[in-house]
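Participant: Sequence plus predicted model, see below.
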Amino acid sequence: MNNRKSYMPIKKNLQNMKGGLNNESKKKLNDLAKFSAEKSISIIKSKWPLNINVICENLAEQYLKLKRYRDASATYRVALNEVDPSVKTLIGLAVSLYQIGEYSEAVLYAKRAYELEPNQLLHSKVYLDCLLLIGAASEIDKLCSSLRIQNISDTDIQYFHAQAKRLLGDFDSALILLRDLVSKTNNNMFKFSVADVIGETDTLKAIEMYESLDSEKIEFSTLNRYNLSLHYLRCRSFEKGWKYFEFGLDKDMGVFGRKLPYNFKNTFRADKCKVDPEKWTMICAEQGIGDQLTFLSALPDAVNEFKKILFVCEHRMLSILKRSFPSLNLTTDGRFGDINIFDTQLNGGLGYIPLGSLLERYRPSLESFNDNKRAFISVDKDMYYSFRKLLMEAARGRRIIGISWKSKVAKNLELVKNIDFLDWLPLLDTNTLIVNLQYGETSSEQELVKNLGLEMLSFNELDFTKDLDQWLALSAACDGVISVSTSLVHFAGACGQRVAVVMPFKQGHWSLGMNETESIFYPRVSIFRRRTDETLTSLILNASSHFKS
């Protein structure tokens, strides 16, 4: 499940931004703050060049108070003296970047402020808040362990420590810390956090806890609703799940929500209005590439209903989408011919639909999934035949199985999704040509296979995170694919390939459900869940028997 967005330290720092200026200086700053950062900085450079750092620092505070965070960050950058940085500017820049979603950069400035004033607890908390939003669990754990020695009763630090333990997969320690916080404070946020940690391993128990909190009329945050949606979807309570799934689009979700690549400030939700097939409708890709494939399963329904669609996609998906959905008009840069997609000349205002929201419209029930379970992605035929010929020559009559053993996820999800490569080695010793379909760095695994005298065919010239067309064709050219729950499953499944998903833990991505043995999205994807007494190697070999020699 996702973590929460902001905790309190960022807000406290915003409240504490106070300047010690005289009335005349304050008036000048108020006048400057009426302009954009670009114009104000230009005025300051021309009139007060010798005091630019101090003036910009105070002006940036004004922007912060006005919640004009982009102007604040731009002004703080000018105020920043790299040789002798002001902690006030560093922390202000971190806060303003945090507020506009630039978390990776915010953490750099928060860290510098913390290093200059390690005993300033509030700055430490801002640093922890930024670390949490980028999932830097090990750093949080180490810092909290040190800070709690001096601040053992500080609930903020204890909360951050619990979240770090959760991200590291140490759910028992996280629960001990969170339950202690609940007993000391009776804070509802901590109660929800307990439910979230329990939900990592037990969806039904988490739902029970959430609904109990709801029955007590305790207010749910945006994050709480979105987290609950994933539990409902996993247990196939689609009506409730899709309703709360929309909360993932809220800007307060930060990096943990349903991320859309464009600013939809001047447009509207087309799926909430009467459909006019004569007008253009924009559908926008969102989230990770695996989720995009899941959502794309409902795109044919949207094409049938809305007719004239502009699809905003990632560039790496362009060739696949062109081939699979020839009637779509595609854009990767926000332009449609010579017109910007947000130009009011287009329809007099273009409505949009987030790709993931198509499922609420077209997949309201389990029956609707089963009725529409078909391949919907087309493979490049030339690539397919080229790979197929190569694989069959290398296999010399053996079956050909592609494998993937890990997904790039947080530590808590690694434990429930990934399977150590050592557990796959017995599969390589069967009458099978194993094809390495794992994205990312696999040189150590390849070296191990070589040293053991085994065989695994790898295509190191391809980058499976970018060369998606080749990855798709190669996976389709195998006799079948065995993989942990990763984007490969969605690519191979969406083109109609036979896939065995191996689940080392009873609970996985919501799309895999609770007890299902077949995917509800793809026609030939089977799910193999590890039994209590089953080894991981046995799980893999059992899945491999799904494919005949």
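Facilitator: Alright, I've got the coordinates.
Participant: Tell me where the chain has strands.
Facilitator: Using DSSP state E, the strands of the chain run over residues 268-269, 281-284, 309-312, 329-331, 335-336, 339-340, 351-354, 399-404, 432-436, 480-483, 499-503, 525-529.
Participant: what about the first one, distance to the chain center?
Facilitator: This points to strand 268-269. Taking C-alpha atoms, centre = their mean, to the nearest Å, one finds strand 268-269 lying 23 Å from the centre of the chain it belongs to.
Participant: Same question for the fourth one.
Facilitator: Averaging C-alpha positions (C-alpha atoms, centre = their mean) puts strand 329-331 24 Å from its chain's average.
Participant: For that strand, buried residues please.
Facilitator: Buried residues in strand 329-331, counted by 16 or more other C-beta atoms under 10 Å: 330-331. For glycine as for every other residue, the C-beta is placed from the backbone atoms N, C-alpha and C.
Participant: helices or strands next to it in the packing?
Facilitator: In terms of contacts (3 or more C-beta pairs under 8 Å, 6 or more residues apart in numbering; DSSP states H and E), strand 329-331 is packed against strand 309-312, helix 318-324.
Participant: swap in the second one?
Facilitator: For strand 281-284, the packing partners by 3+ C-beta pairs under 8 Å, 6+ apart come out as helix 299-306, strand 309-312, strand 351-354.
Participant: quick one: strands adjacent to that strand?
Facilitator: According to DSSP bridges, strand 281-284 forms sheet pairs with strand 309-312 (parallel), strand 351-354 (parallel).
Participant: re the thing from before, out of the helices and strands packed on strand 281-284, flag the one nearest residue 199.
Facilitator: Distance to residue 199, taken as C-beta to C-beta, is lowest for strand 351-354 among the helices and strands packed on strand 281-284, at 23.8 Å.
Participant: so who does residue 302 touch?
Facilitator: Residue 302 makes contacts with 283, 309, 353, 358, 361-362, as judged by C-beta atoms under 8 Å, 6 or more residues apart in numbering.
Participant: Show the buried residues in those residues.
Facilitator: Listed as buried from the contacts of residue 302 are 283, 309, 353, 358, 362; burial here means 16+ other C-beta under 10 Å.
Participant: from memory the first one sits against residue 299, does it?
Facilitator: The reference is to residue 283. Yes - the pair residue 283 / residue 299 is scored as a contact, 7.3 Å apart, by C-beta atoms under 8 Å.
Participant: rewinding a little: which two among the buried ones among the contacts of residue 302 are spaced furthest apart?
Facilitator: Among these, 309 and 362 lie farthest apart (C-beta to C-beta), at 13.9 Å.
Participant: picking that back up, would you mind putting the strands paired with strand 281-284 into JSON lines with mean pLDDT and distance to residue 179 alongside?
Facilitator: Shown next, in JSON lines, are those (pLDDT from 0 to 100; distance: least, C-beta to C-beta, whole Å):
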{"stretch": "strand 309-312", "mean pLDDT": "91", "distance to residue 179": "44"}
{"stretch": "strand 351-354", "mean pLDDT": "91", "distance to residue 179": "36"}
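Participant: Out of these, flag the one nearest residue 383.
Facilitator: With C-beta to C-beta as the measure, strand 309-312 is the member of the strands paired with strand 281-284 nearest residue 383 (22.4 Å).
Participant: contacting residues for residue 420?
Facilitator: Listed by C-beta under 8 Å, 6+ apart, the contact partners of residue 420 are 405, 536.
Participant: can you check residue 88 too?
Facilitator: By C-beta under 8 Å, 6+ apart, the contact set of residue 88 is residue 57.
Participant: How much space separates it from residue 387?
Facilitator: From residue 88 across to residue 387, the span is 58 Å (C-beta to C-beta, to the nearest Å).
Participant: Out of the helices and strands in the protein, which is least certain?
Facilitator: Confidence across the helices and strands of the chain bottoms out at helix 8-15, with a mean of 50, counting by mean pLDDT, DSSP states H and E.
Participant: re the thing from before, reformat the helices and strands packed on strand 281-284 as JSON lines; add distance to residue 463.
Facilitator: As requested, the helices and strands packed on strand 281-284 are exported to JSON lines (distance: least, C-beta to C-beta, whole Å):
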{"stretch": "helix 299-306", "distance to residue 463": "26"}
{"stretch": "strand 309-312", "distance to residue 463": "23"}
{"stretch": "strand 351-354", "distance to residue 463": "28"}
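Participant: Which of these sits closest to residue 419?
Facilitator: Ranking these by proximity to residue 419 (C-beta to C-beta) places helix 299-306 first, at 31.4 Å.
Participant: Can I get the closest one in PDB? Just the C-alpha atoms.
Facilitator: In PDB, the C-alpha atoms belonging to helix 299-306 read as follows (Å, rounded to 0.1, in the frame of the first residue of the first chain):
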ATOM      1  CA  LEU A 299      -9.400   1.400 -24.000                       C
ATOM      2  CA  PRO A 300     -11.200  -0.400 -26.800                       C
ATOM      3  CA  ASP A 301     -14.500   0.300 -25.000                       C
ATOM      4  CA  ALA A 302     -13.600   4.000 -24.800                       C
ATOM      5  CA  VAL A 303     -12.800   4.100 -28.500                       C
ATOM      6  CA  ASN A 304     -16.200   2.600 -29.300                       C
ATOM      7  CA  GLU A 305     -18.000   5.100 -27.100                       C
ATOM      8  CA  PHE A 306     -16.100   8.400 -27.500                       C
END
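Participant: Could you pull up the mean pLDDT of that helix?
Facilitator: The pLDDT scores in helix 299-306 average 94.
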